[in-house]
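Participant: Sequence and predicted structure are below.
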Amino acid sequence: MARFILIFATLLLVLFSLEQLQVAQQAFIQPFTAGLALASAALMSPFDANLLAHGRVLSDARTGFAVSIESGCNGIEASIVLVAAVLAFPASWKLRLITVCGGLLAVQGLNILRIVSLYYLGLWNTEVFTFAHLYLWPVLIMLDVLLVFLLHLHFVRVRLD
Amino acid sequence: MSLPRFFPTVLALLVPCYLFWYLLHPWIGNPLAWVLDVHLTAMMPGLVEQVGGDGVNVLIYSTYSEVNGELTRLQGSEYRVGFPFNSRILTYALPFYAALTLATPGPERLDTLFRGFLVLLPTIYLCALGVALQAMSAGLGDRFELFGGNDIIRRSLVALYYQLSTLILPVLAPVLVWAWQSRDSTLFVAFVRPPRSDRGVPEAGKQV
């Protein structure tokens, strides 16, 4: 347990520090965030003729309401927590790789749902948008990470059994 | 309790836990502002005059005023430059932890909850310190001095501390505290922990 905590904390700090570097932001984080906005817009535009997408900004042509997807809203931090936890826990590298790939898909899939939901919540009510954005969705994303990690632990156990 | 039942239970419990937290927030936000006031005025008497709050927003009053866009030392009763932040962006760790703990089977849930809060409240304070330092670092510019040293390194460390305090710790700390407290619960033992034979001889009296 102590070994897991030590490796997890070290990996978390290293990956998080790397993410904050200017070069990482420009080369990976910002293009990735723009890609998330594009994917969200691609999902929404068939059902919403008023949606405008430009760069990381999604806006409504009727009301002028707009959301900008910024660093911190892109699910990268949750992904870092997941990767650090999976790599720190003793398991076969094949299982770790499967969990990391599946987990990242799960986190980013939920994050796109988050972006879509926040956009429409913001159109409807600013207070509800603020509540969901600042307090609720971070918890739901972390629950997603926790679910993936607990399933990973379960599969490790099944293999040991 | 299995994982397929655990997660819906957590989601259901989030509703009352968030409701309590939202309504009772001044009981958390005001003490947080008081503790920050004691520590920041002692740590940085040349920068911080006072820390106040309204139960949700914490406001750090600096020892500077602003005249024609320039920061100047307070001379008398001018307006002070202040740095507000929303303490709820840190304290939502409490309802999250409460929902996880109450959804986990085991004895003495309220006692466990209380002990978990005793760990989380100092963590929230450390996060608030990170937010306060970043607010002052950004707002006071060259006048922000802390522990001496290289300005660029200091600013980078403060920025990293801030990012950790807002993006990682409020959601990760509750999970870590819950996982540690629940490691012997039926949820962990039945579903995720390795079999006993891989962990040595079972301890007498432990619930399996």
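Facilitator: All right, it came through fine.

Participant: can you pull the buried residues of the lengthiest helix in chain B?
Facilitator: Criterion DSSP state H: the longest helix present in chain B is helix B:109-140. For helix B:109-140, the neighbour count (16 or more other C-beta atoms under 10 Å in any protein chain shown) marks B:112-113, B:116-117, B:120-121, B:123-125, B:127-137, B:139-140 as buried. Bear in mind the C-beta positions are built from the backbone N, C-alpha and C, glycine included.

Participant: residue contacts, residue A:113?
Facilitator: By C-beta atoms under 8 Å, 6 or more residues apart in numbering or on different chains, no residues touch residue A:113.

Participant: Show the average pLDDT along the helix or strand in which it is found.
Facilitator: Using DSSP states H and E, residue A:113 sits in helix A:93-124. Averaged over helix A:93-124, pLDDT sits at 96.

Participant: Tell me which helix or strand comes right after that helix.
Facilitator: helix A:126-131.

Participant: Please name every helix or strand in contact with the helix or strand that that following helix is followed by.
Facilitator: Downstream of helix A:126-131, the first helix or strand assigned by DSSP H and E is helix A:137-160. When contacts are defined as 3 or more C-beta pairs under 8 Å, 6 or more residues apart in numbering or on different chains; DSSP states H and E, helix A:137-160 packs onto helix A:76-88, helix A:93-124, helix B:3-23, helix B:169-181, helix B:186-191.

Participant: possible to save the ones you listed as JSON lines with distance to residue A:55?
Facilitator: Listed next are these as JSON lines, based on distance: least, C-beta to C-beta, whole Å:
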{"stretch": "helix A:76-88", "distance to residue A:55": "18"}
{"stretch": "helix A:93-124", "distance to residue A:55": "14"}
{"stretch": "helix B:3-23", "distance to residue A:55": "33"}
{"stretch": "helix B:169-181", "distance to residue A:55": "27"}
{"stretch": "helix B:186-191", "distance to residue A:55": "44"}
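
Participant: deepest of these, which one?
Facilitator: With neighbours defined as mean count of other C-beta atoms under 10 Å in any protein chain shown, the helices and strands packed on helix A:137-160 peak in mean count at helix A:76-88, which reaches a mean of 23.

Participant: which residues touch that helix?
Facilitator: Against helix A:76-88 from outside (C-beta under 8 Å, 6+ apart): A:4, A:7-8, A:11-12, A:15-16, A:19, A:29, A:32, A:96, A:99-100, A:103-104, A:107-108, A:111, A:141-142, A:144-145, A:148-149, A:152, B:167-168, B:171-172.

Participant: Now do that helix against helix A:137-160, angle only.
Facilitator: Orientation check (axes from the mean of the first three to the mean of the last three C-alpha atoms, to 10 degrees): helix A:76-88 against helix A:137-160 gives 20 degrees.

Participant: How far off centre is helix A:76-88?
Facilitator: 11 Å (C-alpha atoms, centre = their mean, to the nearest Å).

Participant: which residues of chain B score low on pLDDT?
Facilitator: Confidence mapping of chain B against pLDDT under 70 gives the ranges B:1, B:76-78, B:146-150, B:193-208.

Participant: okay, and the helix or strand of chain A with the least pLDDT?
Facilitator: strand A:51-54 (a mean of 90; mean pLDDT, DSSP states H and E).

Participant: what's near enough to touch the residue most central in space within chain B?
Facilitator: The centre of chain B sits closest to residue B:124, judged by C-alpha atoms, centre = their mean, with a distance of 2.0 Å. Applying C-beta under 8 Å, 6+ apart, we find residue B:124 in contact with B:28, B:32, B:90-91, B:93-94, B:170.

Participant: How much space separates it from residue B:109?
Facilitator: Going from residue B:124 to residue B:109 by C-beta to C-beta, to the nearest Å gives 21 Å.

Participant: what does residue A:6 give?
Facilitator: If you go by C-beta to C-beta, the gap between residue A:6 and residue B:109 works out to 30 Å.

Participant: coming back round to it: so which of the helices and strands packed on helix A:137-160 comes closest to residue A:58?
Facilitator: Distance to residue A:58, taken as C-beta to C-beta, is lowest for helix A:93-124 among these, at 5.5 Å.

Participant: Stretch B:85-103: how far from the chain's middle?
Facilitator: With C-alpha atoms, centre = their mean, you get 9 Å for stretch B:85-103.

Participant: hmm, that stretch in reach of chain A?
Facilitator: Yes - on the criterion C-beta under 8 Å from any C-beta of the partner chain, stretch B:85-103 is in touch with chain A at B:86, B:88-89, B:92, B:96.

Participant: immediately after the least confident helix or strand of chain A, which helix or strand?
Facilitator: Scanning onward from strand A:51-54 (DSSP H and E), the first element met is strand A:57-60.

Participant: Direction included, what does that following strand pair up with?
Facilitator: strand A:51-54 (antiparallel), strand A:66-68 (antiparallel) (DSSP bridges).

Participant: Which parts of the shortest one count as buried, going by neighbours?
Facilitator: Buried residues in strand A:66-68, counting neighbours by 16+ other C-beta under 10 Å, are found at residue A:67.

Participant: I appreciate the help and will end here.
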